[in-house]
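Participant: Attaching a predicted model along with its sequence, questions to come.
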Amino acid sequence: MMNMLNKENSTVSRAWEATLRKTHAAKKRANSIFEKILPNGEYYKGQWCDNFPEGQGKYYWIDGCMYVGEWHKGKTMGRGRFRWPSGATYEGEFKSGYMDGTGTYVGSNGDTYKGQWVMNLKHGNGIEYYANGDWYEGEWRRGLRYGIGKYQWHNKNHYDGEWKNGVIHGNGCFVWINGDQYDGCWEDGMPKGNGTYQLSDGSFYVGYWSKEENEQNGTYHPSESSSNDAEWDPKIVYNQLADCKISPGEKVPILPSQKRLAISYSSNNAEKSRRPSIDGRGSLVLERPFDKMNLWDENDNDFNSFEMSRQLDCEFYGVNPAESNFKFNPVLPLKVPKPGNRQGETISVGHKNYELMLNLQLGIRHSVGRPAPPTSLDLKASAFDPKEKIWTRFPPEGSKYTPPHQSCEFKWKDYTPVVFRSLRKLFKVDPADYMLSICGNDALRELSSPGKSGSFFYLTDDDIYMIKTMKKAEVKVFLKMLAAYYNHVRSFENSLVIKYYGLHCVKVRFVIMGNLLRSEYTIHTRFDLKGSSLGRVTNKPESEINSTTILKDLDLNFLFKLQKAWFHKFCW
């Protein structure tokens, strides 16, 4: 008996020591500093973990772009500095490769923006100084001035008030350097509606303003000191405003999120389809024609100087030299992990549903990015009314409310937008992450076999969200049950009922759901379980069944045991 206990203790001890060794090795790998000139001429130097840049590092692209800062799983994440060949720079926060958070962009022409960003776009509060001496401070939405803001021209004229889609729109006050000012309503950069123009001598004109003379209606009140007692023409103001041009600012060159690392691809992987982003910008992809990469070559001249520079690098990256793995094998190849087969067909240019995907992504950006007042989770019954829907037209040239795009003209419908906005809030979905998953540079994937209902399914590239087409009759049933569904998921936080994030229509109706069984691990076997045995078997020979085949109830040959504590935690 004593020998058995000693043997068992010895086994446990060896397992514990192995775990400690693995943990220590992983920590050393994470603290290692690597340096390499890649075969395509690009260069990386910095910390490395699990075959990707992780921690602090700098990367030079062959086109002259450079990034220095924090990395996570091969993507720029955290604080960093990106420099373009033109001399333009961005310094601030990054998220999943995007300029996202607080940061400063300095253009090659001297334009400078300091403020908040979301997915490469100015979004939130910020101030921008222009090379011609103008400046703007206030709110931004999706890269445009939107909300309350102040714009001052280099000649000291200034406007303080509301903006919409980059132009003066709403209520605001324009003050000229000579003391004249207009306070009132604006539309598309010009006075439109009720307003008052105050002259520096005390005279003023009050009434209804419009560029169309037949719509103008107002009264001029001269002051006692005024030399002009005749009628005053509002056309003077429109002529003055025509000379007050709003600086467009410098457009950001190729975006950091469009840059790809040469170390991220393997020639054995099937070429991943890429497409231009929905606003027409191209995506730069650099392929790596090798399966293994040596971070050091024995013949590299830089290899001999590695020991000389390690202390300096440790200080720069905040790594303790005693803990850092500087004694690694310099010619040991690192294998890039090969992902398993992915479900579905990537929707790229030429696919029959490519235009539909672009329309869907444009609509999602518009719906989720549209400013909306904060809402309580306690919704009124009217919010669930099936008649609560918003139609938006998307012309290719753009409109007051929509951006220009490369797709055909289409109409977009949002069903019960307040309810789904509250559901996304309830499910703790970050709007930026939501748009990044569905509307990022990576295309959607169409599942090869539609369900018996005739619906088609689409997956986002990160497998987080699933999109399903619906018939009109199904939408009616869905909207009828929406109130009961909302009350259920709000009452039972851990419910396993599928999560719905939006219901939209672009000629075809879509419902966006969460992928309940998403996993970071490679999936070897997939099942579609409905709790029925009638016809629930896959009619395929065993030789044709692979990791992407969807098996059914009668194909399941596993038993699952649920922890007893979970019986009361989950509600079905």
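Facilitator: Yep, it's here.
Participant: Quick check: residue 360 touching residue 502?
Facilitator: No: using C-beta atoms under 8 Å, residue 360 makes no contact with residue 502, being 10.4 Å away. (Each C-beta comes from the backbone N, C-alpha and C, glycine too.)
Participant: And residue 482, how far from residue 421?
Facilitator: In this structure, residue 482 lies at 13 Å from residue 421, with C-beta to C-beta, to the nearest Å as the measure.
Participant: Then residue 260?
Facilitator: In this structure, residue 260 and residue 421 are 34 Å apart, going by C-beta to C-beta.
Participant: Which strand residues bridge residue 394?
Facilitator: Using DSSP bridges, the beta-bridge partners of residue 394 come out as residue 410.
Participant: please renumber so the chain begins at 2
Facilitator: Sure, I'll start numbering at 2, so the last one becomes residue 395.
Participant: can you pull the contacts of it?
Facilitator: Residues in contact with residue 395, defined by C-beta atoms under 8 Å, 6 or more residues apart in numbering, are 360, 363-364, 367, 403, 406, 408, 410-413.
Participant: TSV for those, including neighbour count and distance to residue 185?
Facilitator: Formatted as TSV, the entries for the contacts of residue 395 read as follows, by neighbours: other C-beta atoms under 10 Å; distance: C-beta to C-beta, whole Å:
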residue	neighbour count	distance to residue 185
360	24	38
363	23	34
364	25	35
367	19	30
403	19	27
406	21	34
408	17	38
410	11	35
411	20	36
412	13	34
413	21	33
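Participant: Neighbours of the nearest residue to residue 38 once chain neighbours are set aside, how many?
Facilitator: Using C-beta to C-beta, 6 or more residues apart in numbering and skipping residues adjacent in sequence, the residue nearest residue 38 is residue 44, 5.2 Å away. If you count neighbours by other C-beta atoms under 10 Å, residue 44 ends up with 15.
Participant: which residues touch residue 44?
Facilitator: Residue 44 makes contacts with 37-38, 60-61, as judged by C-beta under 8 Å, 6+ apart.
Participant: Quick one: buried ones out of those?
Facilitator: Among the contacts of residue 44, those buried by neighbour count (16 or more other C-beta atoms under 10 Å) are 37, 60-61.
Participant: and those as a markdown table, adding secondary structure?
Facilitator: Converted to a markdown table, the buried ones among the contacts of residue 44 look like this (DSSP: H, G, I helix; E, B strand; the rest coil):
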| residue | secondary structure |
| --- | --- |
| 37 | strand |
| 60 | strand |
| 61 | strand |
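Participant: export these to TSV and tack on distance to residue 225?
Facilitator: TSV is the format used below for the buried ones among the contacts of residue 44 (distance: C-beta to C-beta, whole Å):
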residue	distance to residue 225
37	81
60	71
61	71
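Participant: Among those, which one lies nearest to residue 528?
Facilitator: residue 60 (41.4 Å; C-beta to C-beta).
Participant: Let me know the pLDDT of that closest one.
Facilitator: On pLDDT, residue 60 comes in at 87.
Participant: about what we covered before: what about the residue nearest to residue 38, distance to residue 71?
Facilitator: Separation of residue 44 from residue 71 (C-beta to C-beta): 18 Å.
Participant: Okay, now the unreliable bits of this structure?
Facilitator: 2-33, 226-231, 264-342, 449-454, 509-511, 518, 567-573 (pLDDT under 70).
Participant: Let me know the secondary structure of the residue most central in space within it.
Facilitator: Relative to the mean C-alpha position of the chain, the nearest C-alpha, by C-alpha atoms, centre = their mean, is the one of residue 437, at 3.0 Å. Three states are possible here, and by three-state DSSP the one that applies to residue 437 is helix.
Participant: how about it, what does it touch?
Facilitator: Contacts here follow C-beta under 8 Å, 6+ apart; on that basis residue 437 touches 97, 99, 120.
Participant: related to what we said a few turns ago, of residue 261 and residue 422, give the one with the bigger neighbour count.
Facilitator: With other C-beta under 10 Å as the criterion, residue 261 and residue 422 differ in neighbour count, and residue 422 comes out ahead with 23 against 19.
Participant: still on that earlier bit, in a markdown table: the contacts of residue 395, plus secondary structure and distance to residue 390.
Facilitator: As requested, the contacts of residue 395 are exported to a markdown table (DSSP: H, G, I helix; E, B strand; the rest coil; distance: C-beta to C-beta, whole Å):
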| residue | secondary structure | distance to residue 390 |
| --- | --- | --- |
| 360 | helix | 17 |
| 363 | helix | 18 |
| 364 | helix | 13 |
| 367 | helix | 14 |
| 403 | coil | 17 |
| 406 | coil | 22 |
| 408 | coil | 22 |
| 410 | coil | 19 |
| 411 | strand | 16 |
| 412 | strand | 11 |
| 413 | strand | 11 |
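Participant: Residue 347 against residue 444, yeah?
Facilitator: Yes: taking C-beta under 8 Å as the contact criterion, residue 347 and residue 444 are neighbours in contact, 5.2 Å apart.
Participant: For these two, indicate the residue with more neighbours.
Facilitator: Neighbours around residue 347 and residue 444, counted as other C-beta under 10 Å, are more numerous at residue 444. The numbers are 23 against 19.
Participant: In this structure that one contacts residue 460, no?
Facilitator: No: counting by C-beta under 8 Å, residue 460 is not a contact partner of residue 444; they are 10.4 Å apart.
Participant: thinking residue 519 is in contact with residue 465, fair?
Facilitator: Yes: if you go by C-beta under 8 Å, residue 519 and residue 465 touch, sitting 6.0 Å apart.
Participant: Outline the domain layout of the chain.
Facilitator: Listed by automatic domain parsing, the domain ranges of the chain are 33-125+251-304+332-340, 346-524, 526-573.
Participant: a markdown table for these, including distance to residue 232?
Facilitator: What follows is those, written out as a markdown table (distance: least, C-beta to C-beta, whole Å):
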| stretch | distance to residue 232 |
| --- | --- |
| domain 33-125+251-304+332-340 | 43 |
| domain 346-524 | 34 |
| domain 526-573 | 74 |
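Participant: Tell me where the stretch 402-551 of the chain has strands.
Facilitator: Ranges of strands in the stretch 402-551 of the chain, per DSSP state E, counting those that start in this stretch, are 411-416, 446-447, 458-460, 466-471, 501-507, 509-515, 527-528, 551-552.
Participant: Dump these into CSV; add distance to residue 215 as well.
Facilitator: As requested, the strands of the stretch 402-551 of the chain are exported to CSV (distance: least, C-beta to C-beta, whole Å):
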stretch, distance to residue 215
strand 411-416, 33
strand 446-447, 54
strand 458-460, 52
strand 466-471, 49
strand 501-507, 40
strand 509-515, 45
strand 527-528, 68
strand 551-552, 66
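Participant: Ok, which of those strands comes nearest residue 343?
Facilitator: Within those, the stretch nearest residue 343 is strand 446-447; the backing value is 6.9 Å (C-beta to C-beta).
Participant: in the helix or strand residue 369 falls within, what's buried?
Facilitator: The secondary structure element spanning residue 369 is helix 355-370 (assigned by DSSP states H and E). Using 16+ other C-beta under 10 Å as the test for burial, helix 355-370 gives 355, 357-370.
Participant: With just CA atoms, put that helix into PDB.
Facilitator: C-alpha atoms of helix 355-370 as PDB (Å, rounded to 0.1, in the frame of the first residue of the first chain):
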ATOM      1  CA  TYR A 355     -21.200  39.700 -53.500                       C
ATOM      2  CA  GLU A 356     -23.400  42.800 -54.100                       C
ATOM      3  CA  LEU A 357     -25.900  41.600 -51.500                       C
ATOM      4  CA  MET A 358     -23.100  41.200 -49.000                       C
ATOM      5  CA  LEU A 359     -21.800  44.800 -49.700                       C
ATOM      6  CA  ASN A 360     -25.400  46.100 -49.200                       C
ATOM      7  CA  LEU A 361     -25.800  44.200 -46.000                       C
ATOM      8  CA  GLN A 362     -22.500  45.600 -44.600                       C
ATOM      9  CA  LEU A 363     -23.300  49.200 -45.600                       C
ATOM     10  CA  GLY A 364     -26.700  48.900 -43.900                       C
ATOM     11  CA  ILE A 365     -25.200  47.500 -40.700                       C
ATOM     12  CA  ARG A 366     -22.700  50.300 -40.500                       C
ATOM     13  CA  HIS A 367     -25.500  52.800 -41.000                       C
ATOM     14  CA  SER A 368     -27.800  51.200 -38.500                       C
ATOM     15  CA  VAL A 369     -25.300  50.600 -35.700                       C
ATOM     16  CA  GLY A 370     -23.200  53.700 -36.200                       C
END
